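In: make a model of this:
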Amino acid sequence: MSIIAKRYATALTYFLTIICLATSNWVSAKETLRVLTWDGYADNEVVSAFEQRFDATIERTLVTSDDDLWQKINSGSYDVFAVNTAELQRYIDQGLSKPINMANIPNHAQQLPRFQNLQAIPGLVRQNDTYAIPYTYSEMGLIYNRKLVKTAPQSMAAMWDAAYRGRVLAFNTSNHNFSLVGLLLGVPNPFRMTAPQLQQTARELVKLRRNVLTFYATAEEATRLFAKYDIALIFGNYGTQQLKALREAGADIGYVIPREGALAWLDCWAISRNSLKQELAEKWINYTLEKTVSERLSLQHGLANTISASVTDSTQNNPIIWLEPTLNPLTRKTLWDRIISGEAPEAF
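Out: Numbers count the residues shown, from 1 in each chain. As a prediction, the model looks like this:
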């Protein structure tokens, strides 16, 4: 190689090194937003579009349970996280979340009416500070088999109807089942029942046991059982997501929110106490409330969104009751274990 060629190669190498360093510095200059969320809430397409629009990088971490979420927030570094309203309370209590600047969330104005008044949703606002913004929810409605139930039921009380003996699928949980019966009994606050009210509720759940084929744990399990047996009614713990799965499996079903109301979990976006990117976190929250982004929850993942009304067979004007932390959860769990173990009504 000639001296000139060597000098040219050296210069070219130097030039390329400068370009690489500049590019590296440009990439590292991008803001990184650390998002802790549930499967389906921030899929690849949603993340990619945000990154391109705001010239940012998303570090997405998925959680699998409320316990997992709690552990990660306490031990890791995240900016924004998805949490339900009942769980949110302990994050606020422990100072693990901080208020959101609502001026940076203009898309809140286009949320459905039931999500407009944040003060009316238990747990979102404290001392005039807003700690979370609703994103997705599931009301736990009643699913019915059109082939066996000719008229849409109006109440969860239908699960106790003797006509459906052995044809009901209920969910294996203590908290929701006690709260559900509390609603039917007209208890003012089904999440904070007294000991006598819990005993009365336990007796009603023992009666329900006669109609239940089994208590399912997952939406997939309920779908398999529906396909195998003549199931008339299902307590839809997974709501519209479960409804979508059943229909995709070929089930001829309807879905109602009963007249007494349906229990519902509401997952919201909150900002972590440790976040140094609050404005970017608020841009993320506002972005997810855009119509196309929120509706993707429903179209791709079967989850209800807070922008467009759910298209179901139910009467959407019937109330939904957002979950709250329960009083004496261990008492509920102890009673529930006795119920599913087969104890007689007289034992309660």
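In: how near is A304 to V206?
Out: In this view, A304 and V206 are 32 Å apart by CB to CB, to the nearest Å. C-beta: built from backbone N, CA, C; applies to glycine.
In: so for those two, which sits in the more crowded spot?
Out: A304 (23 against 20; other CB atoms under 10 Å).
In: quick one: residues contacting that one.
Out: 136-139, 239-240, 297-298, 310 (CB atoms under 8 Å, 6 or more residues apart in numbering).
In: of those residues, the lowest pLDDT goes to which?
Out: Within those, S310 has the lowest pLDDT, namely 65.
In: quick one: the strands in the stretch 51-200 of the chain?
Out: 56-63, 80-84, 97-98, 125-126, 129-130, 133-139, 142-145, 168-171 (DSSP state E, counting those that start in this stretch).
In: strands paired with the third one, and their directions?
Out: In other words, strand 97-98. Strand 97-98 has the following sheet partners, assigned by DSSP bridges: strand 262-272 (antiparallel).
In: quick check: angle from the strand it pairs with to strand 80-84?
Out: Between the axes of strand 262-272 and strand 80-84, defined by axes from the mean of the first three to the mean of the last three CA atoms, to 10 degrees, the angle is 160 degrees.
In: pretty sure T334 is in a strand, no?
Out: No - assessed by DSSP: H, G, I helix; E, B strand; the rest coil, T334 does not belong to a strand; its assignment is helix.
In: pLDDT wise, what is it at?
Out: 92.
In: ditto for G302
Out: G302 is given a pLDDT of 82.
In: contacting residues for it?
Out: By CB under 8 Å, 6+ apart, the residues touching G302 are 240-245.
In: which one of these has the most neighbours?
Out: Q242 (27 neighbours).
In: quick one, helices of the stretch 51-200 of the chain?
Out: Applying DSSP state H, counting those that start in this stretch to the stretch 51-200 of the chain gives helices spanning 66-75, 85-93, 175-185, 195-209.
In: elements contacting the shortest one?
Out: Think helix 85-93. Judged by 3 or more CB pairs under 8 Å, 6 or more residues apart in numbering; DSSP states H and E, the packing partners of helix 85-93 are helix 66-75, strand 262-272.
In: switch the cut-off to 10 Å
Out: Using 3 or more CB pairs under 10 Å, 6 or more residues apart in numbering; DSSP states H and E, the elements in contact with helix 85-93 are helix 66-75, strand 80-84, strand 97-98, strand 125-126, strand 262-272.
In: pull the contacting residues for the residue sitting nearest the centre point of the chain.
Out: Centre of the chain computed as the mean C-alpha position; nearest residue by CA atoms, centre = their mean is D267, 4.4 Å away. Taking CB atoms under 10 Å, 6 or more residues apart in numbering, we find D267 in contact with 37-38, 41, 82-85, 87-88, 132, 134-138, 303, 306.
In: pull the most distant pair out of the contacts of A304.
Out: E139 and L297 (14.4 Å; CB to CB).
In: can you pull out the low-pLDDT segments for this protein?
Out: For the chain, the stretches flagged by pLDDT under 70 are 1-28, 310-316.
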